[in-house]
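Trainee: Provided below are the primary sequence and the corresponding predicted coordinates.
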Amino acid sequence: MKFLINEDIYVIDTKLESELETIRAVKESEDSVTSKISKVEEPIEKLVVSEKQKNEVLVIFDNPTSADLPAEDKDYLGKILGAIGKSNEKADFHNVAQATPNADGYAFVIAFTPNHQLPVSASTQQYVAVKLGNGQLIVADALNNISTSTDLRKKLWGVLQQVFK
């Protein structure tokens, strides 16, 4: 026999073969069950960024736990934007934890994170307006830090007054 077959011959135990068949059957049934289960997704609120520019202001934030701003930050941001004649509805939003932002075409970009991922110098100072394409960029601390610090609120208000005269 060795001269007729040039390959090694392995004898498969019938017990192992039946176990393999059982494993394959279980896997197939698991696959069919998981394909029938519908995915439950969290509702996405209005502040989730759209890929197309709708407004002249882009607000960038960093929230790794959700696609949207926390409710308290959203409310606080509404007050900030209201003070400069804007509103949450008149701004586009982008979460850098989800994807890299595209600021092309925006007149104003406010980044409430130093991790804004925009193509500017790494030495860009916070609370100083810098040119970004045809627009202006303001880099600030996270909204929850600003809301609890009088000093940070004053810094933000100062730069907002310069940019949004």
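Mentor: Good, I have the coordinates. Residues are numbered from 1 along each chain as shown.

Trainee: do a quick rundown of the strands in this protein.
Mentor: 57-61, 92-95, 108-111, 130-132, 135-139 (DSSP state E).

Trainee: figure out which of those is closest to residue 78.
Mentor: Closest of those to residue 78 is strand 57-61, at 10.9 Å (criterion: Cβ to Cβ). C-beta here means a position set from N, CA and C on the backbone, and glycine is covered the same way.

Trainee: where do the helices sit along this protein?
Mentor: 14-36, 71-83, 143-148, 150-163 (DSSP state H).

Trainee: re the thing from before, so which of the strands of the chain gets nearest residue 19?
Mentor: Taking the strands of the chain one by one with Cβ to Cβ, strand 92-95 is closest: 47.7 Å.

Trainee: can you list the buried residues in the closest one?
Mentor: Buried residues in strand 92-95, counted by 16 or more other Cβ atoms under 10 Å: 92, 93, 94, 95.

Trainee: would you check how far apart the spatially most central residue of the chain and residue 126 are?
Mentor: Nearest residue to the geometric centre of the chain (Cα atoms, centre = their mean): residue 98, 2.1 Å. Per Cβ to Cβ, to the nearest Å, residue 98 is found 22 Å from residue 126.

Trainee: quick one: residue 121 from residue 68, how far?
Mentor: Counting by Cβ to Cβ, the gap from residue 121 to residue 68 is 29 Å.

Trainee: try residue 157
Mentor: Per Cβ to Cβ, residue 157 is found 25 Å from residue 68.

Trainee: more neighbours, the two?
Mentor: residue 68 (21 against 15; other Cβ atoms under 10 Å).

Trainee: and that one, what are its phi and psi?
Mentor: phi -120, psi 170 (degrees, to the nearest 10).

Trainee: assess the claim that it and residue 95 are in contact.
Mentor: Yes: judged on Cβ atoms under 8 Å, residue 68 makes contact with residue 95 at a distance of 7.3 Å.

Trainee: pLDDT weak spots in this protein?
Mentor: 1-18, 20, 26, 29-53, 122-124 (pLDDT under 70).

Trainee: so can I have TSV of the buried residues of strand 92-95 showing distance to residue 162?
Mentor: Output for the buried residues of strand 92-95, formatted as TSV (distance: Cβ to Cβ, whole Å):
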residue	distance to residue 162
92	22
93	23
94	23
95	27
